[in-house]
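Chemist: This is a predicted model, with the sequence first.
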Amino acid sequence: MISVLFETHHLYYLPNFLPIIDEMKSRGIYSLSISIPKTINDTERFYLKKISEAKNLEFLDGSSEDSRQRKLRKRKFDVVIVGVPGMLEKIVSDNSLAIMVYHGIGLKHSYYKDTSHRINIRAIESEMRYKELKSQGETNLLLTGYTKIDPLFQDHTKLNQKNLEDLNLNSQKKTILYAPTFYPSSIEKLIPYCTEFAKKYNLIIKLHGFSWNQKRYKHHIIIAEKISGKGIYLVPKEDYNIIPYYSISDALISDISSTLFEYLALNRPIFQTTFFTPRLKHRIFKSRLRKRLDLDRSEKINFTYVLDNPHQILLEVKKVLNDNDTLFPHREQALKNFLYQTDGKASSRLVDAIEDKNK
């Protein structure tokens, strides 16, 4: 059996790994384990352990972070898969095949900075990004597509399909998914307009994992819980996977989140907010915030309906959903640019490459 460790630095990385886990299980030659750093909060660790039990994965832990790392290193896994370099160099053995499936594909510059000489294969979601990283001298690249969205193109039993009625939403109304990032986020400015919006449309709010688990974003939960109900469904924190909510929504609203690009796979309308509430230091030193963002990638976005003011939400969404979706062809082209082969087989391509390396 080929021993595999999934090192998930946060719970919200897990949807990238689940299709890979399912693919490996289907081949019957892998023993699968999962772990999360002790430095991560107890809530995420608790839910990951529950998920590992449900998925029949070995959950590995330690009495301290040092002991956890020693335990993982001692196991000498054949394959170690991460979503960010993080603790990678401290847990791999000399002979481990180290894989990175990066946890996000949005507008943050960290995509290019988060790397390690120890990574043997980095799975890449698009030809555009493949060429960019190759031009920077990266040699460990594998063009696979984005594993996270594989379930959208597979048997719906793998998708854990949601039902609007189960969410106390009206199946006769169109459904909008609102998925803000944690920072810089549109949520503080948009939430006051959501109650009125929900009189016309179902609204599903999917907060970022950091909004649930980091104290500095606790106010996101407070303002979202305050308006939930009566046409507004707030996805609970234990429901970490956004993918099933893509399939039941008619459009997406987001800001700089990876969801802007993931949702292209369905070629449904995407609304992008440009308003947010910056921290004080970013109000004073605006260039610091700009350095966090991938401005070149942002300038390539021509497939979203831009919302410059929160009061536009109802009018703009209504206009587009009433048969005035002019950006349909732009999304078709963007899909080719930003996502490689949306055929549900990104995970299969990655596992094939792992097996080639292990021959």
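Modeler: Yep, it's here. Numbering: from 1, shown residues only.

Chemist: Could you look up the SS state of the closest residue to residue 184 other than its chain neighbours?
Modeler: Of all residues not flanking residue 184 in the chain, residue 276 sits nearest, at 4.0 Å (CB to CB, 6 or more residues apart in numbering). C-betas here are computed from N, CA, C, even on glycine. In terms of secondary structure, residue 276 is coil; the call rests on DSSP: H, G, I helix; E, B strand; the rest coil.

Chemist: Could you tell me the end-to-end distance of stretch 118-125?
Modeler: 20 Å (CA to CA, to the nearest Å).

Chemist: Enumerate every residue touching the residue nearest to residue 184.
Modeler: When contacts are counted by CB atoms under 8 Å, 6 or more residues apart in numbering, residue 276 touches 184, 185, 186, 188, 189, 255.

Chemist: and the fourth one, what helix or strand is that in?
Modeler: Right, residue 188. helix 187-190 (DSSP states H and E).

Chemist: Flag every buried residue along the next helix or strand after that helix.
Modeler: Next helix or strand after helix 187-190 toward the C-terminus (DSSP H and E): helix 194-197. Neighbour-count burial for helix 194-197, with 16 or more other CB atoms under 10 Å as criterion, is recorded at 194, 197.

Chemist: Which other helices and strands does helix 194-197 contact?
Modeler: If contacts are counted by 3 or more CB pairs under 8 Å, 6 or more residues apart in numbering; DSSP states H and E, helix 194-197 sits against strand 202-205, helix 313-321.

Chemist: which one of those lies closest to residue 178?
Modeler: Evaluated over those, closeness to residue 178 peaks at strand 202-205, with 5.0 Å, by CB to CB.

Chemist: Quick check: buried residues in that closest one?
Modeler: Here strand 202-205 shows 202, 203, 204, 205 as buried, counting by 16+ other CB under 10 Å.

Chemist: from the residues you listed, which single one is nearest residue 196?
Modeler: Within these, proximity to residue 196 (CB to CB) peaks at residue 203, which comes in at 10.5 Å.

Chemist: number of nearby residues for the spatially closest residue to the closest one that is not a sequence neighbour?
Modeler: Leaving aside its sequence neighbours, residue 203 sits nearest to residue 232 (CB to CB, 6+ apart; 4.7 Å). Other residues within reach of residue 232, judged by other CB atoms under 10 Å, total 22.

Chemist: Repeat that for residue 152.
Modeler: Other residues within reach of residue 152 by the criterion other CB under 10 Å amount to 19.

Chemist: sec struct for the nearest residue to it once chain neighbours are set aside, please.
Modeler: Counting by CB to CB, 6+ apart, the nearest residue to residue 152 once its immediate chain neighbours are dropped is residue 265, at 5.6 Å. Following three-state DSSP, residue 265 is assigned to helix.

Chemist: about what we covered before: next, the buried residues of the helix holding residue 188.
Modeler: Across helix 187-190, burial judged by 16+ other CB under 10 Å covers 187, 189, 190.

Chemist: Wasn't residue 123 part of a strand?
Modeler: Yes: assessed with three-state DSSP, residue 123 lies in a strand.

Chemist: Correct me if wrong: it contacts residue 350.
Modeler: Yes: counting by CB atoms under 8 Å, residue 123 touches residue 350, with 5.3 Å between them.

Chemist: Identify the contacts common to these two.
Modeler: In contact with both residue 123 and residue 350: 99, 101, 142, 144, 147, using CB under 8 Å, 6+ apart.

Chemist: list the contacts for the residue nearest to residue 152?
Modeler: Each residue near residue 265 by CB under 8 Å, 6+ apart is listed here: 149, 152, 153, 246, 335, 339, 342.

Chemist: In TSV, list those along with pLDDT and secondary structure.
Modeler: Listed next are those as TSV, based on pLDDT from 0 to 100; DSSP: H, G, I helix; E, B strand; the rest coil:
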residue	pLDDT	secondary structure
149	97	helix
152	94	helix
153	92	helix
246	96	helix
335	97	helix
339	97	coil
342	96	coil
